[in-house]
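Visitor: Structure of the sequence below:
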Amino acid sequence: MTVLLDTHALIWAVLSPAKLTPTATELIADPTNTVLVSAASAWELATKVRLGKLPEAEPFENRFLDAVSGAGYTLLPIKADVALRAGRLMANHGDPFDRMIAAQALSLDIPVISADRQLDLFGIHRIW
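Guide: All right, here's what the predicted structure looks like:
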């Protein structure tokens, strides 16, 4: 199975695994699954660290690429057609990071591991 981590799920998987549900933990840990991390999560993490909203995540942000690779996750780049799709999503949801993650999940027809019920507005398959 291929899954896409929402940014908070990624942060929790790396920094606070106890915050994940047993289902999320199992999916992330299963070596037969492909766990994707959106480039939007890198952008969101760096932005929130810079703004002081996630000071505890600064060490993770500083070693983001190595940490993601070391965990066995695969980085998912942002493609122009998916960026257009994200901008066109009709759901009343203003978070650009969530829009991109939802558009990527929809374009690949894969679920998102996330506790955020607001993502459901986009019609994605969310697992928590």
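
Visitor: Helices of this structure, residue ranges please.
Guide: 7-15, 22-29, 39-50, 58-62, 64-70, 80-88, 96-108 (DSSP state H).

Visitor: Can you tell me how far residue 115 is from residue 121?
Guide: Taking CB to CB, to the nearest Å as the measure, residue 115 falls 15 Å from residue 121. To be clear about C-beta, it is placed using only N, CA and C from the backbone, and glycine gets the same treatment.

Visitor: Likewise for residue 18?
Guide: 28 Å.

Visitor: For residue 34, which non-adjacent residue is closest in space?
Guide: residue 2 (4.3 Å; CB to CB, 6 or more residues apart in numbering).

Visitor: hmm, back to that, quick one: which of residue 18 and residue 121 has more around it?
Guide: residue 121 (15 against 6; other CB atoms under 10 Å).

Visitor: With adjacent residues omitted, what lies nearest to that one?
Guide: Using CB to CB, 6+ apart, the nearest residue to residue 121 is residue 91, at 3.8 Å.

Visitor: Do I have it right that that neighbour meets residue 122?
Guide: Yes. Counting by CB atoms under 8 Å, residue 91 touches residue 122, with 5.1 Å between them.

Visitor: More neighbours: the two, which one.
Guide: Legend: neighbour count by other CB under 10 Å for residue 91 and residue 122, higher for residue 122 (20 against 15).

Visitor: quick revisit: now the common contact residues for residue 91 and residue 122.
Guide: Listed as contacting both residue 91 and residue 122 by CB atoms under 8 Å, 6 or more residues apart in numbering are residue 102.

Visitor: Can you name the residues that contact the one residue sitting closest to the centre of the chain?
Guide: Central residue of the chain (CA atoms, centre = their mean): residue 6, 2.4 Å from the mean position. Neighbouring residues of residue 6 by CB under 8 Å, 6+ apart: 41, 98, 101, 112, 113, 114, 115, 116, 119.

Visitor: Next one: it from residue 114, what distance?
Guide: Separation of residue 6 from residue 114 (CB to CB) stands at 3 Å.
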